[in-house]
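Peer 1: how would this look folded up:
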Amino acid sequence: MQVDKLITLGCSITHHFGWANCLSRGLNLPLINLSESSGSNQLQQWRFQELVFKENITEKDIIIW
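Peer 2: This is a model prediction of the structure:
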């Protein structure tokens, strides 16, 4: 199966430590990093919902939350 992009959501660990960027480069996939330092779970839910509602997500994407 072809994968189109990598989408990450999370807190400061995802936002600052750069593992999402390293994984994106390693998999050769474009990255949408929706993580936020000091962000709440509610913020992550809103960002995910917005992504779904705008149809910017497909079954060919990898999501790591």
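
Peer 1: Next secondary structure after the helix or strand bottoming out on mean pLDDT in the chain?
Peer 2: Least confident helix or strand, the chain: helix 12-16 with a mean of 79, by mean pLDDT, DSSP states H and E. Later in the chain than helix 12-16, the nearest helix or strand by DSSP states H and E is helix 19-27.

Peer 1: avg pLDDT for that next one?
Peer 2: Taken as a whole, helix 19-27 has a mean pLDDT of 92.

Peer 1: ok, residues contacting it?
Peer 2: Val3, Leu6, Thr8, Ile13, Thr14, Pro30, Leu31, Asn33, Ser35, Ile62, Ile64 (Cβ atoms under 8 Å, 6 or more residues apart in numbering). Glycine gets a C-beta too; all of them are placed from N, C-alpha and C.

Peer 1: Can you tell me the centre-most residue of the chain?
Peer 2: Among the residues of the chain, the one closest to the centroid is Thr8, at 1.9 Å (Cα atoms, centre = their mean).

Peer 1: Give me the nearest residue to it, chain neighbours excluded.
Peer 2: Ala20 (4.3 Å; Cβ to Cβ, 6 or more residues apart in numbering).

Peer 1: Ok, Arg47 next?
Peer 2: Leu34 (4.4 Å).

Peer 1: picking that back up, buried ones in the least confident helix or strand of the chain?
Peer 2: Within helix 12-16, the residues that count as buried by 16 or more other Cβ atoms under 10 Å are Thr14, His15.
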